[in-house]
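Dropping the sequence and predicted coords here.
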Amino acid sequence: MKQHRLTSDQWSQFWSRDTVTTFVRPFDGNYDEEFADFWNTQFSRLADGARVVDLATGNGAIALLAQSYSIEHGKALELVGIDYAEIDPAGMLAAHENLQPLLAGIEFRGGVRIEATGLDDASVDLLTSQYGFEYADAIGAVAEASRVLKPGGRMALILHHVGSTVVEHAREGLDQVQFCLQKEEIDKRVAALVTVMGEAVTPEQRRALKSNRKAESLRKKLNASLTRIKQRSQKYTDPEGFMGVMVPNLLKVFSDYKEAGTAQKLKHIRDVRAAFDAYRERMADLAGAALSPAMVDALVERFEAAGFVVEKRGSLHYKGSLMGWTLELEKPVA
Ligand SMILES: C[S@@+](CC[C@H](N)C(=O)[O-])C[C@H]1O[C@@H](n2cnc3c(N)ncnc32)[C@H](O)[C@@H]1O
């Protein structure tokens, strides 16, 4: 079955935010420690003036690491970041003043697929991709990598792993959304109560709400639902995770939006529901892109069939947690 993928529009929407990485926690600055070590090792092998292209760059996390390396080690690098989303890292990260000089030296190209980069033949010394290459069509992506790399050029990848903490977290996230929306229908419960409360317009009608049986019943059902959600949240590795953010946001109709009209409250509920849905689609996409050992075998075979030599295949751990597969390849000089 063909895996459902997020569209470039959905990713463009995602990247219209001011975070460098896809994770709000723990990488609120940029990927560090074992991630940075992996990438810095790749950059250390480049000659002065080398051309590096980061595939599926998002807001440019790996290109930024390359730029920092270049500055710290006095090694000139020509840096390009491509993504099929309409990215604008310099604009989106405008508030991060420290990043602006780094971003200024990177050329970002949005609306560009890994499978059809538009780059010249044999024009790249190093192709990088973190949590990106596995979203592309493998046949097209491997052929394109082979085309654009110089003979002797290299490719380094960090790929989603079916057993990683990231993927487990995505599965938990899917479970949380399923519980809140399908099982508890929390947005519908809040909307039903808001609608009944909205029917009380005059001060007398509002006072009468306290003894309104319909309102009372909806309130009780909502509270029972919230209790079950709270209990359920304890079974997750991160009880303060998605449920802990999205549900309180929904309940703002009873606090921050208390004085707002019903239409505005219902709009807030629809917006939160849309955020629930977008999160669910992204987590399903992520979990679906994760590679099993057999899938990595198949990818390696595909690279080898295209003439690549696998230098190293391993896994990446960050502070003791499994974060993904690593794959380092060379396109040999013919
Ligand atoms: C999880 S994000 C990773 C972003 C970045 N590399 C990082 O590590 O923060 C995945 C990115 O892949 C991009 N993407 C997915 N499929 C793609 C394709 N076929 N060609 C180019 N980019 C793609 C998405 O737009 C998204 O920005």
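In hand now; what should we look at? Numbering: from 1, shown residues only.

element containing the residue in the stretch 151-300 of the chain that the ligand sits nearest to, please.
The ligand sits closest to residue 286 of the stretch 151-300 of the chain, with a gap of 6.9 Å, by Cβ to the nearest ligand atom. Quick note: C-beta positions are derived from backbone N, CA and C, even for glycine. Element membership of residue 286, judged by DSSP states H and E, is helix 262-289.

now that helix, how far from the centre of its chain.
For helix 262-289, the distance between its averaged C-alpha position and the chain's averaged C-alpha position is 14 Å (Cα atoms, centre = their mean, to the nearest Å).

Packing partners of that helix?
In this structure, helix 262-289 packs against helix 8-14, helix 165-177, helix 186-199, helix 242-250, with contacts taken as 3 or more Cβ pairs under 8 Å, 6 or more residues apart in numbering; DSSP states H and E.

Mind doing that once more with 7 Å?
If you count contacts as 3 or more Cβ pairs under 7 Å, 6 or more residues apart in numbering; DSSP states H and E, helix 262-289 packs onto helix 165-177, helix 186-199, helix 242-250.

Can you point out the buried residues in that helix?
Neighbour counts using 16 or more other Cβ atoms under 10 Å place 262, 265-266, 268-269, 272-273, 276, 279-289 of helix 262-289 among the buried residues.

Quick check: closest non-adjacent residue to residue 69.
Here the nearest residue to residue 69 in space, its sequence neighbours aside, is residue 43; by Cβ to Cβ, 6 or more residues apart in numbering that works out to 4.3 Å.

number of nearby residues for the one you found?
When neighbours are defined as other Cβ atoms under 10 Å, residue 43 has 23 of them.

give me the element it is part of.
Element membership of residue 43 [criterion: DSSP H and E] is helix 33-44.

Quick check on residue 331: phi, psi?
Residue 331 adopts backbone torsions of phi -100, psi 110, taken as degrees, to the nearest 10.

What separation do you get for it and residue 117?
When distances are taken as Cβ to Cβ, to the nearest Å, residue 331 and residue 117 turn out to be 15 Å apart.

now residue 168
Residue 168 sits at a distance of 32 Å from residue 117 (criterion: Cβ to Cβ).

what residues are up against the closest residue in space to residue 146 that isn't next to it in sequence?
When the adjacent residues along the chain are set aside, residue 146 lies closest to residue 306, with 4.6 Å between them (Cβ to Cβ, 6+ apart). For residue 306, the contact set (Cβ atoms under 7 Å, 6 or more residues apart in numbering) comprises 142, 143, 146.

any idea how far residue 306 is from the ligand?
17 Å (Cβ to the nearest ligand atom, to the nearest Å).

number of nearby residues for the closest residue in space to residue 212 that isn't next to it in sequence?
Take residue 212 and drop its neighbours on the chain: the residue closest to it by Cβ to Cβ, 6+ apart is residue 196, 7.1 Å away. Other residues near residue 196 number 18, with proximity taken as other Cβ under 10 Å.

Tell me where the stretch 51-200 of the chain has helices.
The residue ranges that make up the helices of the stretch 51-200 of the chain, judged by DSSP state H, counting those that start in this stretch, are 61-73, 89-92, 100-104, 138-148, 165-177, 186-199.

Of these, which stretch is the most buried?
Burial of the helices of the stretch 51-200 of the chain is given as mean neighbour count (mean count of other Cβ atoms under 10 Å); helix 61-73 ranks first at a mean of 22.

Residue 280 reaches residue 177, doesn't it?
Yes. With contacts defined as Cβ atoms under 7 Å, residue 280 counts as touching residue 177 at a distance of 4.4 Å.

and residue 319, how many neighbours does it have?
Residue 319 is surrounded by 10 other residues when neighbours are defined as other Cβ under 10 Å.

How about residue 78?
Neighbour count of residue 78, defined by other Cβ under 10 Å: 17.

Can you give me the separation between it and residue 53?
9 Å.

repeat for residue 315
For residue 315, the distance to residue 53 under the criterion Cβ to Cβ works out to 24 Å.

then stretch 98-105 to CSV, C-alphas only?
Output of stretch 98-105 as CSV, limited to C-alpha atoms (Å, rounded to 0.1, in the frame of the first residue of the first chain):
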residue,chain,number,x,y,z
ASN,A,98,22.4,35.2,16.1
LEU,A,99,21.4,32.9,13.2
GLN,A,100,21.0,35.7,10.6
PRO,A,101,24.7,36.0,9.6
LEU,A,102,24.9,32.2,9.3
LEU,A,103,21.7,32.0,7.2
ALA,A,104,22.9,34.8,4.9
GLY,A,105,25.6,32.5,3.6
